[in-house]
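Q: Let's see this in three dimensions:
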Amino acid sequence: MRAPKPTGTTLSQAEREALLGQMSPADWARAKNLARLASLGLPDMGPDDLLQETLTSLLSMDRVWHRGVHALVTLAVAMHSVASNTRELAENARRDRYATVTTGEEETQEDAGRTVQVVDVLRPDDIVEQRQELAQIEKLVQGDAEEELVLTAWYMGYVGTEAQKETGLTAHQYDAARKRLVRKLKAHAAARKPK
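A: As a prediction, the model looks like this:
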């Protein structure tokens, strides 16, 4: 793809560099916050990566920067576009780019114990849905300190006696709180099922 040539409505490379050089530390802090929001759920790309990729595409003239548009506005729009393209590529990918595909003939003793890690790519709407679900579950236990402790221990990955020890509750307190919590979660799950 050829870089667009500057016209009367778009900035040249020198003008872009000058505008980015004039950004204040507060502007850069805002740009990083915008990058943090835009990068939510992106596979293999954090906020700093997204900001860097966007700056690179703007300075290499791959992306249009219209004359008279503030640098932060341009960065926000361009980051949104880069993030959107990255998500689309990940969703449309036909294979896991980290998986090694072989015929099996070249497998050695060394390779026999290796496994392929599955990359779980969450879309932004999946993340929002999961956060809403967690907020609803937190509301279910709100006001019951023991249930809150049990839920927190489970969230941290503790189960059984390990979870009971982590909460600081006695075995009887833990068991009673666990049963109350399980009843609430079952009722919540039943209410969510489509009819």
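Q: Look up how far residue 86 lies from the residue nearest the centre of the chain.
A: With distances taken as Cα atoms, centre = their mean, residue 41 lies nearest the centre of the chain, 2.6 Å away. Applying Cβ to Cβ, to the nearest Å, the value for residue 41 to residue 86 is 10 Å. For the C-beta atoms, the positions are set from N, CA and C on the backbone; glycine is no exception.
Q: what residue ranges in the protein score low on pLDDT?
A: Applying pLDDT under 70 to the chain flags the ranges 1-8, 92-122, 194-195.
Q: I figured residue 39 hits residue 50, correct?
A: Yes. Using Cβ atoms under 8 Å, residue 39 is in contact with residue 50, at 4.5 Å.
Q: These two: which is more packed in?
A: A count of neighbours by other Cβ atoms under 10 Å puts residue 50 above the other of residue 39 and residue 50, at 24 against 21.
Q: can you pull out the helices in this structure?
A: 13-21, 25-38, 47-59, 71-92, 109-112, 124-141, 145-155, 160-167, 171-192 (DSSP state H).
Q: got those helices as a markdown table, with distance to residue 65 columns?
A: Listed next are the helices of the chain as a markdown table, based on distance: least, Cβ to Cβ, whole Å:
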| stretch | distance to residue 65 |
| --- | --- |
| helix 13-21 | 6 |
| helix 25-38 | 14 |
| helix 47-59 | 6 |
| helix 71-92 | 5 |
| helix 109-112 | 48 |
| helix 124-141 | 25 |
| helix 145-155 | 44 |
| helix 160-167 | 52 |
| helix 171-192 | 46 |
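Q: Thanks a lot, catch you later.
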